[in-house]
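1. Model the structure of this input:
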Amino acid sequence: MKYPISTSRPRLRVLIIGQDTGVHWLFNREVKQLGHLLLRARDSAKAKVILAEGPVALAIMEDLPGDEEAVVLVQHIRQLYPDTEVVLYTSAPTHERAFTFGNLKVAAYLVKPFTHGPPLDEVLADALAHFVQKTTGEQVHEKQDLRMTALARLVDRLPMGLVLVNAQRTVLLANQTAQEILSETDGLRTNEHNMLEAERAEDTATMQRLIDAALPGTPNEGFPTGGATTIQRSGVRPPLCLMVGPLEMALDNVRAPDSVVA
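-> Numbers count the residues shown, from 1 in each chain. The predicted structure is shown next:
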């Protein structure tokens with residue numbers, strides 16, 4: 001879906017950081033289609049100069065494995081330019097990095113080569129509209145509402161399944177990828193009571209022990225930990241890798257009930 005260029009809206013500045021010329025070309029094409037201007041910075045130092053020169057509606061950068069430069073730069077943007085939207089892209093996504101950037105209120109966490117998930121033009125248009133919304137005062141939202149909206153978008157676009165359950169394994173939320181996995185009913189599924197369960201009883205029991213370990217104060221009144229296991233599937237299909245962890249540790253700016261784990 002392509003958004004038509006409107007002459008009634010301002011031409012926004014979009015900054016892309018890094019040296020991935022192929023990806024820069026792709027984003028430049030989409031930004032031009034939307035009627036805005038793409039600026040390029042080879043590194044964080046140049047990016048900070050451009051940010052200081054004038055309003056930047058959106059910053060786009062790559063998240064490289066083991067490189068904390070992107071985290072530091074996003075923190076810098078959040079502290080000095082809180083209205084600027086941020087989009088991250090990576091070729092090696094992880095839950096931990098996605099949650100780290102979720103806490104920093106990024107608009108999207110995309111996975112190269114961008115063949116799955118929402119179209120790039122929709123992601124960029126959504127982020128730029130959010131910037132205009134915050135800076136023009138056309139619609140006023142509370143900061144918490146903006147944070148929750150951004151987190152909801154981020155969670156639903158994760159390329160891995162994410163499920164929130166309570167102590168009894170009742171599913172409270174499942175992102176799009178998780179819904180696809182559960183709909184296959186091969187390995188993991190929900191029963192008639194909307195409780196998460198595995199095909200094999202022993203896998204369900206292991207999952208319950210991990211959930212118990214992720215709840216505060218259980219099983220030994222210790223620090224909530226969770227853990228990881230594999231869930232067997234039918235035939236020759238490889239098992240699912242299941243990681244269970246306390247939600248509050250991952251999203252410390254969103255207060256969740258103590259009985260909810262991810």
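2. Touching stretch 154-166 from outside, list them.
-> For stretch 154-166, the external contacting residues (Cβ atoms under 8 Å, 6 or more residues apart in numbering) are 93, 95, 98, 101-102, 106-111, 116-118, 123, 171-178, 180-182, 196, 211, 247, 257, 259-262. All C-beta spots, glycine's among them, are computed from the backbone N, C-alpha and C.
3. again with stretch 15-35
-> 2-3, 5-6, 9, 11, 14, 37-44, 46-47, 50-51, 56, 58-62, 73, 89, 112, 114, 120-121, 124-125, 128.
4. Just the buried residues out of those, in ChimeraX syntax.
-> Burial among those is assessed by 16 or more other Cβ atoms under 10 Å; the matching ChimeraX selection reads:
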select :3,14,38,39,40,41,44,47,50,51,56,58,59,60,61,62,73,89,120,121,124,125,128
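5. From the contacts of stretch 15-35, which land in strands?
-> Those of the contacts of stretch 15-35 mapping onto strands are 14, 37, 38, 39, 40, 41, 58, 59, 60, 61, 62, 89, per DSSP state E.
6. could you dump stretch 202-221 to PDB, C-alpha only?
-> Taking Å, rounded to 0.1, in the frame of the first residue of the first chain, the C-alpha atoms of stretch 202-221 are listed here in PDB:
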ATOM      1  CA  GLU A 202       5.500 -33.900  30.300                       C
ATOM      2  CA  ASP A 203       6.100 -30.800  28.300                       C
ATOM      3  CA  THR A 204       3.100 -29.100  29.800                       C
ATOM      4  CA  ALA A 205       4.500 -30.000  33.300                       C
ATOM      5  CA  THR A 206       7.900 -28.600  32.500                       C
ATOM      6  CA  MET A 207       6.300 -25.400  31.100                       C
ATOM      7  CA  GLN A 208       4.300 -25.000  34.300                       C
ATOM      8  CA  ARG A 209       7.500 -25.400  36.500                       C
ATOM      9  CA  LEU A 210       9.200 -22.600  34.400                       C
ATOM     10  CA  ILE A 211       6.100 -20.400  34.900                       C
ATOM     11  CA  ASP A 212       6.200 -21.000  38.600                       C
ATOM     12  CA  ALA A 213       9.900 -20.100  38.700                       C
ATOM     13  CA  ALA A 214       9.200 -16.900  36.900                       C
ATOM     14  CA  LEU A 215       6.600 -15.700  39.400                       C
ATOM     15  CA  PRO A 216       7.800 -13.500  42.300                       C
ATOM     16  CA  GLY A 217       8.300 -15.400  45.500                       C
ATOM     17  CA  THR A 218       8.000 -18.900  44.000                       C
ATOM     18  CA  PRO A 219       9.000 -21.600  44.400                       C
ATOM     19  CA  ASN A 220      11.500 -20.800  47.100                       C
ATOM     20  CA  GLU A 221      10.700 -17.100  47.900                       C
END
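7. Now that stretch: average pLDDT?
-> Mean per-residue pLDDT for stretch 202-221: 79.
8. which residues in the protein form helices?
-> 21-33, 44-53, 69-80, 95-103, 120-136, 143-156, 176-183, 201-214, 247-250 (DSSP state H).
9. can you list those in CSV and add distance to residue 162?
-> Shown next, in CSV, are the helices of the chain (distance: least, Cβ to Cβ, whole Å):
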stretch, distance to residue 162
helix 21-33, 25
helix 44-53, 29
helix 69-80, 20
helix 95-103, 8
helix 120-136, 18
helix 143-156, 6
helix 176-183, 6
helix 201-214, 14
helix 247-250, 10
